[in-house]
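Asks: sequence plus the predicted model coming up.
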Amino acid sequence: MAEFEEDVLPARRIGLVAGGLLLTVVVVALGIGGLLMFLRKTTTEPPTSAVERSALRPPLPRLQTAPEADLAALRRQEQQRLDGLGWTDRQAGLAHIPIDRAMGLLAERGWP
């Protein structure tokens, strides 16, 4: 029969070490919680400077705040130009006409 080593550490000693570790973890957690509560009460917001309080506008070009509305307005403007009459250069006698009419004239007369 093979000889084996008996339990070297009694169960009571293992329990004491585990309890001591658990107690250490609880004390550290409570200490950190108390420190965080203390710091939360004592810290205040830093004072703001005059520059931070003023409403500064960034230089041009600025970012769009409503890109969907800007795109819709651009498309509406372009569609009005395609469907409307108006001068492109009055001194040179250049005007723009509705795109459908221009395509009809081009088909009728051919490319100049």
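Replies: Great, that's in hand. Numbering: from 1, shown residues only.
Asks: only C-alpha atoms for contact and neighbour calcs from this point on.
Replies: OK.
Asks: now the element after the helix or strand bottoming out on mean pLDDT in the chain, going C-ward?
Replies: Lowest on mean pLDDT, DSSP states H and E among the helices and strands of the chain sits helix 50-53, with a mean of 78. Once helix 50-53 ends, the next helix or strand along the chain (criterion: DSSP states H and E) is helix 67-83.
Asks: pLDDT weak spots in the protein?
Replies: Scanning the chain with the threshold set as pLDDT under 70 gives 1-2, 4-7, 43.
Asks: domain map for it?
Replies: 11-43, 81-112 (automatic domain parsing).
Asks: need the ones you listed in TSV with distance to residue 3, can you?
Replies: Below are the domains of the chain laid out as TSV (distance: least, CA to CA, whole Å):
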stretch	distance to residue 3
domain 11-43	22
domain 81-112	102
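Asks: and of those, who's closest to residue 62?
Replies: domain 81-112 (26.2 Å; CA to CA).
Asks: buried residues, that closest one. List them.
Replies: Across domain 81-112, burial judged by 16 or more other CA atoms under 10 Å covers residue 97.
Asks: distance between the ends of it?
Replies: One end of domain 81-112 to the other measures 23 Å (CA to CA, to the nearest Å).
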